[in-house]
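Novice: got a structure for you, letters missing:
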């Protein structure tokens, strides 16, 4: 289950089959979904969960990967339209890079492990939706 504060129209989630999501599986959240749950007095968050953020998923979104080193620690970078994600030692979570790669990029803020979290960060920082394949 996710928090109601993580709901944003257009974000991708895994949906449990129910009246609004008869098929279940991966969905892009639509305003009609939220309205239907509100009209029926149901909590939509009980039927949604995050889609795990993997390298394959980021590649599908258009991210390009690179690696860097700071001392003995290896960092993985995922870059799309000047939006840079970084994670240390090739393990989640991903963080938005707050420093330039040549000065020892560091991640800042809350780590991201789900697709909708990257969608929110991308939209907040660049002012446009993250391009996702259907």
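Specialist: Arrived safely, thanks for sending. Nothing here was measured: the structure is a model prediction, and the numbers come from that model.
Novice: Which secondary structure element of this protein has the lowest mean pLDDT?
Specialist: strand 107-112 (a mean of 68; mean pLDDT, DSSP states H and E).
Novice: Need the single longest helix in the protein, by residues.
Specialist: helix 115-126 (DSSP state H).
Novice: Enumerate the positions of that one that are buried.
Specialist: Neighbour-count burial for helix 115-126 flags 115-122 (criterion: 16 or more other C-beta atoms under 10 Å). C-beta: built from backbone N, CA, C; applies to glycine.
Novice: what's the closest of those residues to residue 77?
Specialist: Using C-beta to C-beta, residue 118 is the member of the buried residues of helix 115-126 that lies nearest residue 77, at 13.8 Å.
Novice: any idea how far residue 43 is from the closest one?
Specialist: Applying C-beta to C-beta, to the nearest Å, the value for residue 118 to residue 43 is 25 Å.
Novice: ok, now which ones touch residue 111?
Specialist: Contact analysis of residue 111 by C-beta atoms under 8 Å, 6 or more residues apart in numbering lists 92-95.
Novice: Now which of those residues would you call buried?
Specialist: Buried, going by 16+ other C-beta under 10 Å: 94-95, out of the contacts of residue 111.
Novice: In strands, which of the contacts of residue 111 appear?
Specialist: Counting by DSSP state E, those place 94-95 in strands.
Novice: Show me which of the contacts of residue 111 is closest to residue 14.
Specialist: residue 92 (16.9 Å).
Novice: about what we covered before: pick out the lowest-pLDDT one from the contacts of residue 111.
Specialist: The member of the contacts of residue 111 with the lowest pLDDT is residue 92, and it reads 71.
Novice: what's near enough to touch the residue nearest to that residue when sequence neighbours are not counted?
Specialist: Using C-beta to C-beta, 6 or more residues apart in numbering and skipping the chain neighbours, the partner closest in space to residue 92 is residue 113 (5.1 Å). Residues in contact with residue 113 (C-beta under 8 Å, 6+ apart) are 50, 52-53, 92-94.
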